[in-house]
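Participant: Pasting the sequence and the predicted coordinates here, then a few questions.
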Amino acid sequence: MKQPVCLVTGATGVIGPNLIRALLARDYRVSALVRREIRPDELPAEVEIVTGDLTDARALATAAKDVDVIFHLAAKLHINDPDPVLADEYHRVNVEGTRLLLEAARA
C-alpha cells in the first residue's frame with residue numbers, strides 16, 4: 001500500500017506541529033509549506049520543507065504536487081477591526097491565498 005502524502009500549511013503555528021506529529025505517527029509522509037527558514041527543532045526531521053508564501057502560485061504548485069491530502073492551517077489571525085492596510089493583507093492571505101491553494105490542489 002502506498003504511503004499517503006500530506007501537505008500542511010501553517011505548519012509552524014500553534015496547531016501545525018501537533019498535527020504533523022500525529023500524521024507521522026500514522027505513517028503519513030508530510031510536507032510543510034513555510035514562509036521562512038525554520039530551526040532544526042521546529043519540525044521533525046522527516047518533514048519535507050517547501051519554502052514559499054501562501055500567495056505564491058508557483059510555490060503552492062510545488063508544494064501540492066503529488067500530495068494526497070492538504071491540511072490548510074495558515075492564516076492571518078488576530079485582526080479585529082483592521083485598518084484598511086491590514087484588511088487588504090488579511091484578504092490577500094486568507095482569501096486569495098486559500099483560493100490559490102485550492103487551484104494548486106485541483107491541478
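Facilitator: All right, it came through fine.

Participant: got the contact list for the nearest residue to Asp53 once chain neighbours are set aside?
Facilitator: Distances taken as C-beta to C-beta, 6 or more residues apart in numbering place Arg35 nearest to Asp53, at 5.7 Å, with adjacent residues excluded. Heads up, the C-betas are built off the backbone N, CA and C, glycines and all. Residues in contact with Arg35 (C-beta atoms under 8 Å, 6 or more residues apart in numbering) are Thr51, Gly52, Asp53, Leu54.

Participant: how near is the second one to Leu23?
Facilitator: The one in question is Gly52. Distance, Gly52 to Leu23, by C-beta to C-beta, to the nearest Å: 20 Å.

Participant: Looking at those two, which has the bigger crowd around it?
Facilitator: Under the criterion of other C-beta atoms under 10 Å, the comparison of Gly52 against Leu23 puts Leu23 first, with 20 against 17.

Participant: pretty sure the more buried one contacts Val30?
Facilitator: Yes: counting by C-beta atoms under 8 Å, Leu23 sits close enough to Val30 to count as a contact (5.2 Å).

Participant: joint contacts of these two?
Facilitator: Cys6, Val8.

Participant: Got phi/psi on Cys6?
Facilitator: Dihedral angles phi and psi of Cys6 (degrees, to the nearest 10) take the values phi -120, psi 150.

Participant: How about the one 4 residues further on?
Facilitator: In terms of degrees, to the nearest 10, the main-chain angles of Gly10 are phi 70, psi 30.

Participant: And for His72?
Facilitator: phi -100, psi 100.

Participant: and if you look at Thr51?
Facilitator: phi -90, psi 130.

Participant: Let me see the contact set for Gly16.
Facilitator: Val8, Gly10, Ala32, Leu73 are the contacts of Gly16 under C-beta under 8 Å, 6+ apart.

Participant: give the contact list for the residue lying closest to it once chain neighbours are set aside.
Facilitator: Nearest residue to Gly16, sequence neighbours excluded (C-beta to C-beta, 6+ apart): Gly10, at 5.0 Å. Gly10 sits next to Gly16, His72, Leu73, Ala74, Ala75 when contact means C-beta under 8 Å, 6+ apart.
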